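[1] no letters, just coordinates:
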């Protein structure tokens with residue numbers, strides 16, 4: 001990948017998003033040409049039009065209203081077959097032409113989806129998903145089942161298929177005694193096939209429903225935002241605000257990645273967009289290559305957590321809980337603020353310890369110029385937030401915001417959209433739709449398998465017995481499992497897996513539903529910076545020219561504070577706004593103060609005290625005490641930990657006050 005200029009002033013050039021995204025796509029997906037490319041563009045246009053027709057109840061302007069299941073199958077019809085065109089069968093397959101076997105898979109998938117779409121209304125009337133499905137429907141189900149698994153392999157990799165496929169077959173042998181707590185009601189292969197492709201609990205279940213109802217609109221909005229130059233605006237704004245601060249380049253990275261993540265919801269896209277600008281500048285101002293890449297990886301990973309436009313998983317959480325997406329976005333506000341504040345403090349302490357200064361003001365974009373050129377992005381985002389939180393129109397909000405954005409872009413942006421831009425916009429969206437459907441549709445079968453066997457209620461009780469009713473132990477088990485699964489699965493697949501298996505047990509343990517699902521989501525997200533997979537760390541390492549595995553371990557160290565945060569909001573659901581706002585603010589302030597001391601201990605520089613290396617032999621004892629005291633202070637009291645907030649606060653002060661006093665005294669003596 002070609003590296004951009006390292007001078008911030010050069011950021012007034014082209015939007016980096018498109019170039020970075022295109023480079024990434026070339027390495028991952030097949031470049032379609034000719035008729036195939038135009039079919040993909042038409043597929044994206046039809047996907048968007050089908051969504052608009054359904055959300056705005058346009059009835060195709062002829063009075064026909066499709067059932068939800070017919071709408072879902074129509075989306076599968078225009079997206080799923082393209083998985084075999086866009087994603088090659090393997091690394092040795094052709095990346096510039098479509099081989100005959102992929103064209104055949106395209107045709108078979110198209111035919112099966114078309115057949116099932118035309119019969120799904122009759123299936124709903126006659127209950128075919130439970131019994132009586134005609135042989136032709138059963139065989140169409142077998143074919144769909146097979147292509148879904150192959151599509152899952154191409155989009156999510158072998159690890160995802162090996163996790164999902166056995167569970168899709170699980171209903172066939174669910175009554176086997178060797179399954180233990182997973183023993184449930186069995187079904188024949190024919191019944192499983194019909195249930196998987198016709199039931200609203202499986203292929204047409206929560207993941208695909210979330211995609212069809214809300215995800216499409218937000219993906220369209222995010223792509224439009226970046227293709228109108230928002231990436232350039234957010235990065236310039238970040239340099240103008242944070243560039244001159246201590247360790248300014250790294251703080252710009254965190255701020256820019258947070259802003260971009262709020263709009264894109266994509267970890268890798270965030271790394272490639274912001275990282276190509278911020279990592280070279282960090283290296284130039286004194287940050288080690290691996291450390292600069294680690295900062296970008298951690299900052300970009302928060303993209304799927306940062307509202308208003310979170311990753312696809314957030315929409316699935318809303319479907320699982322039966323709440324609006326706006327409620328999930330609000331629940332993520334405090335955790336995302338704590339996430340980025342923790343990173344900011346880490347970077348500040350690191351920069352102070354190593355004497356890393358900010359960038360000269362004359363080399364940075366001017367705030368007035370930046371706002372004058374991109375003021376309308378703020379206006380559009382304000383409209384989106386207003387429609388989400390005040391008007392509660394989450395399915396309509398991204399479309400209205402996109403229309404307003406495009407109108408303002410044509411009026412005020414020097415770079416107007418042309419017909420070629422529209423085609424590129426549809427092509428980029430088409431690839432995104434195809435990848436998400438390939439993953440979400442396959443994961444839906446996992447939910448269907450457990451729904452069909454009725455094993456969920458008994459499994460929750462068994463997990464509680466294993467943990468002996470200890471909610472904290474069950475949380476620790478969930479965190480470890482989520483991290484391990486996340487090494488091989490996407491964040492969305494990892495969340496779905498654990499929301500089915502562990503979520504009910506955590507809820508039965510008396511924990512808040514929203515907090516439980518946010519906990520599972522958060523830990524699945526952290527796999528992006530945790531070796532051996534660490535996709536965000538490896539993407540950033542490629543830009544920085546740093547060793548991939550070293551960057552992964554560095555990311556864990558930089559982001560160490562963020563591994564604590566999910567436990568906090570399960571211990572007290574006020575963190576996810578499931579309680580008093582004042583309590584949430586108080587707890588957030590307490591965590592931020594505790595984080596300040598944790599970061600001081602991790603980095604060896606405590607703000608208001610100084611560089612702890614001057615404490616000589618006392619350096620490490622003081623750092624350990626700062627970390628312990630910070631964790632105790634940040635931990636909310638409650639029944640899970642067995643201590644009240646007052647008791648924990650008193651203990652924290654008993655640790656921190658003598659430690660801070662001794663640190664200050666020791667450093668004063670060293671300076672004298």
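    Thanks, I have it. For clarity, every value in this text was computed on a predicted model and none was experimentally measured. Numbering: from 1, shown residues only.
[2] so which helix or strand takes in residue 236?
    helix 230-242 (DSSP states H and E).
[3] other SSEs contacting the next helix-or-strand element following that helix?
    As assigned by DSSP H and E, the chain's next helix or strand after helix 230-242 is helix 248-264. Applying 3 or more CB pairs under 8 Å, 6 or more residues apart in numbering; DSSP states H and E, one finds that helix 248-264 contacts helix 216-227, helix 230-242, helix 267-284, helix 289-301, helix 333-354. Bear in mind the C-beta positions are built from the backbone N, C-alpha and C, glycine included.
[4] next, the angle from the longest one to helix 289-301.
    Here helix 333-354 points in a direction 170 degrees away from that of helix 289-301 (axes from the mean of the first three to the mean of the last three CA atoms, to 10 degrees).
[5] over to the first one?
    Calculated by the same axes, to 10 degrees, helix 216-227 forms an angle of 140 degrees with helix 289-301.
[6] chain center to helix 216-227, what's the gap?
    15 Å (CA atoms, centre = their mean, to the nearest Å).
[7] which one is residue 424 nearest to, not counting chain neighbours?
    residue 227 (7.4 Å; CB to CB, 6 or more residues apart in numbering).
[8] so where's the stretch 401-550 of the chain uncertain?
    Judged by pLDDT under 70, the stretch 401-550 of the chain has its weakly predicted residues at 456-457, 486-488.
[9] can you give me the helices in it?
    Assigned by DSSP state H, counting those that start in this stretch, the stretch 401-550 of the chain shows helices spanning 419-453, 456-466, 471-486, 491-501, 503-508, 513-525, 535-544, 548-558.
[10] residue 640 looks like it's in a strand, true?
    No: under the criterion used here (DSSP: H, G, I helix; E, B strand; the rest coil), residue 640 is coil, not part of a strand.
[11] could you measure it against residue 567, distance?
    Separation of residue 640 from residue 567 (CB to CB, to the nearest Å): 9 Å.
[12] quickly list what's touching both of those two.
    residue 475 (CB atoms under 8 Å, 6 or more residues apart in numbering).
[13] surely residue 209 touches residue 75?
    No: assessed by CB atoms under 8 Å, residue 209 is found out of contact with residue 75, at 10.4 Å.
[14] give me the more crowded residue out of those two.
    Remark: of residue 209 and residue 75, residue 75 carries more neighbours, 24 against 20, as counted by other CB atoms under 10 Å.
[15] is it true that residue 142 touches residue 193?
    Yes: between residue 142 and residue 193 there is a contact under CB under 8 Å: 5.4 Å.
[16] neighbour count winner among the two?
    residue 193 (22 against 16).
[17] so that one: helix, strand or coil?
    Per three-state DSSP, residue 193 ends up helix.
[18] okay, the residue nearest to residue 424 and residue 433: tell me how far apart.
    Where residue 433 is concerned, residue 227 sits at a distance of 16 Å (CB to CB).
[19] these two: which has the busier surroundings?
    Comparing residue 227 with residue 433 by other CB under 10 Å, the one with more neighbours is residue 433, at 28 against 24.
[20] that one reaches residue 216, doesn't it?
    Yes: taking CB under 8 Å as the definition, residue 433 is a contact partner of residue 216 at 7.1 Å.
[21] for the two, list the residues in contact with both.
    Shared contacts of residue 433 and residue 216, counting by CB under 8 Å, 6+ apart, come down to residue 47.
[22] next one, pLDDT for residue 24 please.
    You'll see residue 24 listed with a pLDDT of 40.
[23] re earlier: distance to residue 343 added to the helices of the stretch 401-550 of the chain, as TSV?
    Formatted as TSV, the helices of the stretch 401-550 of the chain follow (distance: least, CB to CB, whole Å):
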stretch	distance to residue 343
helix 419-453	27
helix 456-466	33
helix 471-486	19
helix 491-501	18
helix 503-508	27
helix 513-525	14
helix 535-544	13
helix 548-558	7
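[24] relative to residue 329, which of these is closest?
    Across the helices of the stretch 401-550 of the chain, residue 329 has its closest neighbour in helix 513-525 (11.3 Å, CB to CB).
[25] by contact count, what packs against the closest one?
    Partner elements for helix 513-525 (3+ CB pairs under 8 Å, 6+ apart): helix 312-321, helix 325-331, helix 471-486, helix 491-501, helix 503-508, helix 565-571.
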